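Participant: Whatever this is, show me its structure:
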Amino acid sequence: MAVAISQVTFEHHRIALGIGEANPRISWRFDGNVTNWTQSGYSIEVFRYGQDEPELFHVNSSDSILVPWPTISLTSSESATVRVRAYGEGGSADTPWSEAASVETGLLDEGSWSGVPMIAADKQTEENLPHRPAIFRKEFSVGDSIEKARLYITSYGLYEAYINGERVGTTVLAPGWQSYNHRLVYDTYDVTDLVLTGDNVIGIQVGEGWYAGLLGFRGGSRNNWGDTLGTMAQLIITSSNGTQGIIQTDKSWSSSTGAIVTSELYNGEVYDSRLDQAGWSAPGFQALDMAQWIGVKELNGPYDQLAAPDGPPIRRIEEVKLQKVLTSPTGKTILDFGQNLVGWLRLRVAGQEGNTIKLVHTEVLENGDVATRPLRNAAQTDYFTLSGEGVQVWEPTFTYHGFRYVMVEGWPVDGTQLDENSVTAIVVHSDMEETGFFECSDELINKLHKNVQWSMKGNFMSVPTDCPQRDERLGWTGDSHAFAPTANFLYDTSGFWRGWLKDLQSEQVGGVPPSVVPAVPATGPTRATAIWGDAVVANPWNTYRAFGDLDALREQYTGVKAWIDNGIPRNEAGLWNRSSFQYGDWLDPLAPPDDAGRATTNSSYVADAYLVYVTGLAAQMASELGLEDDRARYEEWAADLKTAFREAWVNLDGTVANETQTGLTLPLYFDLFEDGDQANAAATRLQKIIADNKYLVGTGFAGTHLLGLALTKYNLTNTFYKMLLQTAVPSWLYQVVMNATTTWERWDSLLPDGSLNPGEMTSFNHYAFGSVANWIYQVIGGIAPAEPGWKTIKVNVIPGGNLTWAKASYLSPYGKVTTEWEVNNTGFHLRLSIPPNTNAEITLPGSGGQARRVLGSGTYEFSIPEFRY
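Facilitator: Got it, this is the predicted structure:
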């Protein structure tokens, strides 16, 4: 097959409209199974908007990822199309020209937003109550024919925009959640097809969202960034003769309220169709007698915080059909969608005016009824009141829920049958590209992989949240630290992480990052703690390993230094101060239900082990960035800390203070033992501890994501296969055999008798323990980056667990990497595909890591006839 360019992208944007980079780096992905193909150079054609001829640039380089913008900078709101052609080395075939890819900048000039106010309804704001969503409208006329029109918009709260009654764009819960004191995203929409010559109306609806809504546990807090809902927008219309007209938010707008009475993230939406002002965002609108339209006022604008987005927006991604309609023992009607998911319902229903439908969303049932206790103070309840005017199609606007089951009350059975035609579940999450695919001969492992993916989808909601259902849903840094390598296999998270990591760094206080980002007052003051704080080091490094973006790593390095140099409270040995609070090995399976932090491994021990690790990562970062003085300093510091760790925690005989699964996993994976003999002896002890525990899991947040990798590092992969395949509690497959469709917060969120764990924290959609999928891809799938960005690929399939076959693929920045293997009575057989412009370091099973070979791109087959389990 010939080689071709399958995709051209800019920076880390899936859709490069309204981007914040004037010189966007360009990447291209290859398709084809051509053998040993390496790029020797490339041509880039840039066709700028308004120019008659394209510019053409030729570069002799093998680089195809994040290459420099080849020409003068794009100006504010400038667009261009780009095509790429790559040339093969040594007489190899060249690619055809790629399809043209579009790029357009946002508002780059410093004064682009000056004079554009944030407007709010001119009324008293609610106090200690939910904020009623506001609607804003502005009439305007366009006299000339329209060449193009762009809407630039943000809000204090969440917005939906309309032009002439038509919804603008496909994003939901926009502009997403950022650390609003430091960064507020504005979005860009191409609305050329919505603006008409003649009379027009722009309408914007704003709900409280994260900005002013209730956030946090133990009652939470409202108005965390402000107490008044507002919107800020510019509609820039370019006529065919080149002149521009700007419709912006100002005091000429008017405001009112509509059918949404309240819409809260935790508690749900109250919607009364009788209050809908039909046509309010279209020309010719006549206000109802009951409707009050008032003026607007100006708020202080977020001019210093405005930023174009780095990551993709939240969108409706898929739909899930209703599976069953149940009747509970108490006579309640319950909908079962067969999948724990995140989003909301779409109703298609007709009934009498004033009829109110109540929808209570939960993840599980308890004694046959919806289990609301795990939600704590989050109601997750929507109310929809019908207008009585025929069939209505409704979805909530400014809330979302985590659920599989929905209790329904007040359904108008005389008007509409309650079935899959009248109710659909809508799945929403950040719109990342799916990149990881896996299946094998064990259906339980396949289901586990799907569950991990579903939990990621449900919790990558603009920020990486811990859970999507209860009164929390916060960007816990420790959870993301554990899960990030898995996330980077499953989806292209490059833009997602880049935005969130900017917030993580901006939230640091004295070098200390908060445990949740964005920081929420209800979670308490910022305090230094290991693993959670260490995310400011580990997450940028894991992102760099996956995507090879040195500029993004450089952006984060300031925060890395601030944390390690100044943020960590230390004792006289340079280790953690023993009085520091630590989460430790959070949710160790032996921790009591009411005390998740009471682990079997000392929390200071865990903290010190991670301190050595992240100090070493800082040295590696400095090396990649060419900062030799920093590299030398951090390497020396890491060596000193390793010695201090051994003096504090390792006995003369090589045993450690906590001979537990986590207590041995950490020093093994982090290379903390004095020599190989000590390490090998520790690995043997770890193996025995696991076997004595009947191969059940004994780790929490600190140890779980590293356990399999540590065992494989010491050639104990079969031990971890035995752990992975267990179905008793605590194990990964216990959740699967208990019919889980996502991964759980606790190993036993559901007890073996089917009852709920009595602990206060009992989520059924938490991704942290799904971090095992990183091992699944690297060991069963046998694929990993051998160097940052996948230019060199590590292929090392290690069969085990009596699996007879497996398939794994990863859509890397260069193209798709695929392994397919099977074990049968003729031995082990591997089929491998390596994308163009890369090479792979391949180790075959049974070679002890010695029979390594390096191959270029192409498709290869290997067999080991003597291989048997």
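
Participant: Quick one: mean pLDDT for stretch 328-337?
Facilitator: Computed over stretch 328-337, the mean pLDDT rounds to 98.

Participant: likewise stretch 789-805?
Facilitator: In this model, stretch 789-805 carries a mean pLDDT of 97.

Participant: and the most centrally placed residue in the chain, what pLDDT?
Facilitator: If you average the C-alpha coordinates of the chain and look for the closest C-alpha using C-alpha atoms, centre = their mean, you land on Phe460, 3.3 Å from that point. The model reports Phe460 with a pLDDT of 98.

Participant: now Ala808
Facilitator: With respect to pLDDT, Ala808 has a value of 98.

Participant: May I ask you to confirm that it belongs to a strand?
Facilitator: Yes. Ala808 sits within a strand when classified using DSSP: H, G, I helix; E, B strand; the rest coil.

Participant: How about the contacts made by the spatially closest residue to it that is not a sequence neighbour?
Facilitator: Nearest-residue entry for Ala808: Gly781, 2.7 Å, with adjacent residues in sequence omitted and distances by C-beta to C-beta, 6 or more residues apart in numbering. (C-beta placed from N, C-alpha, C; glycine too.) By C-beta atoms under 8 Å, 6 or more residues apart in numbering, the contact set of Gly781 is Phe438, Val797, Ala806, Lys807, Ala808, Tyr810, Thr819.

Participant: Out of the residues you listed, the closest to Pro68 would be?
Facilitator: In terms of C-beta to C-beta, no member of the contacts of Gly781 lies closer to Pro68 than Tyr810, at 26.2 Å.

Participant: neighbours around the closest one, how many?
Facilitator: Residue crowding around Tyr810 was assessed by other C-beta atoms under 10 Å; the count is 25.

Participant: List the beta-bridge partners for it.
Facilitator: With DSSP bridges applied, the residues forming beta bridges to Tyr810 are Gly436, Val817.

Participant: can you offset everything so residue one is 399?
Facilitator: Understood, numbering begins at 399; the last thing we discussed is Tyr1208.

Participant: residue contacts, it?
Facilitator: Neighbours of Tyr1208 in contact, by C-beta under 8 Å, 6+ apart: Thr833, Gly834, Phe835, Phe887, Tyr1175, Gly1179, Ile1181, Trp1188, Lys1214, Val1215.

Participant: Low-confidence stretches in the chain?
Facilitator: With pLDDT under 70 as the threshold, the chain has low-confidence stretches at 399, 1245-1249.

Participant: what about the helices in it?
Facilitator: 607-610, 841-857, 875-888, 892-904, 933-945, 948-960, 1001-1022, 1026-1047, 1059-1067, 1074-1090, 1099-1111, 1115-1122, 1130-1135, 1170-1173 (DSSP state H).

Participant: and Gly611, how many residues sit next to it?
Facilitator: Quick note: Gly611 (other C-beta under 10 Å) scores 26 neighbours.

Participant: so how far is Leu571 from it?
Facilitator: 11 Å (C-beta to C-beta, to the nearest Å).

Participant: residues in contact with the spatially closest residue to Thr1102 that is not a sequence neighbour?
Facilitator: Setting aside the residues directly before and after it, Thr1102 is nearest to Phe1167 in space (C-beta to C-beta, 6+ apart), at 5.6 Å. Under the criterion of C-beta under 8 Å, 6+ apart, the neighbours of Phe1167 are Thr1102, Trp1130, Thr1141, Trp1142, Trp1145.

Participant: Closest one to Gly596 out of those, please.
Facilitator: Comparing the contacts of Phe1167 against Gly596 with C-beta to C-beta picks out Thr1141 as the nearest, at 54.1 Å.

Participant: Compute the number of surrounding residues for the closest one.
Facilitator: Applying the criterion other C-beta under 10 Å, we find 29 residues in the vicinity of Thr1141.

Participant: Nearest residue to it in space, please, no chain neighbours.
Facilitator: The shortest distance from Thr1141 to any residue that is not its chain neighbour, by C-beta to C-beta, 6+ apart, is 4.1 Å, and that residue is Gly1168.

Participant: hang on, the one you found packs against Lys855?
Facilitator: No. Using C-beta atoms under 8 Å, Gly1168 is not in contact with Lys855, being 11.3 Å away.

Participant: And the two? Which one has more around it.
Facilitator: Between Gly1168 and Lys855, counted using other C-beta under 10 Å, the more crowded position is Gly1168 (30 against 26).

Participant: distance of that one from Trp1130?
Facilitator: Distance from Gly1168 to Trp1130, counting by C-beta to C-beta: 8 Å.

Participant: swap in Leu592?
Facilitator: Leu592 sits 48 Å away from Trp1130 when distances are taken as C-beta to C-beta.

Participant: higher neighbour count, those two?
Facilitator: Trp1130 (27 against 21).

Participant: thought the more buried one was touching His847?
Facilitator: No. Taking contact to mean C-beta under 8 Å, the distance of 10.2 Å between Trp1130 and His847 leaves them out of contact.

Participant: And the strands in the stretch 599-748 of the chain?
Facilitator: Shown for the stretch 599-748 of the chain, the strands assigned by DSSP state E, counting those that start in this stretch span residues 628-637, 642-646, 652-654, 658-662, 666-670, 694-697, 704-705, 712-719, 722-725, 731-747.

Participant: Indicate which one of the ones you listed is closest to Asp780.
Facilitator: When those are compared (using C-beta to C-beta), the closest one is strand 666-670, at 4.5 Å.
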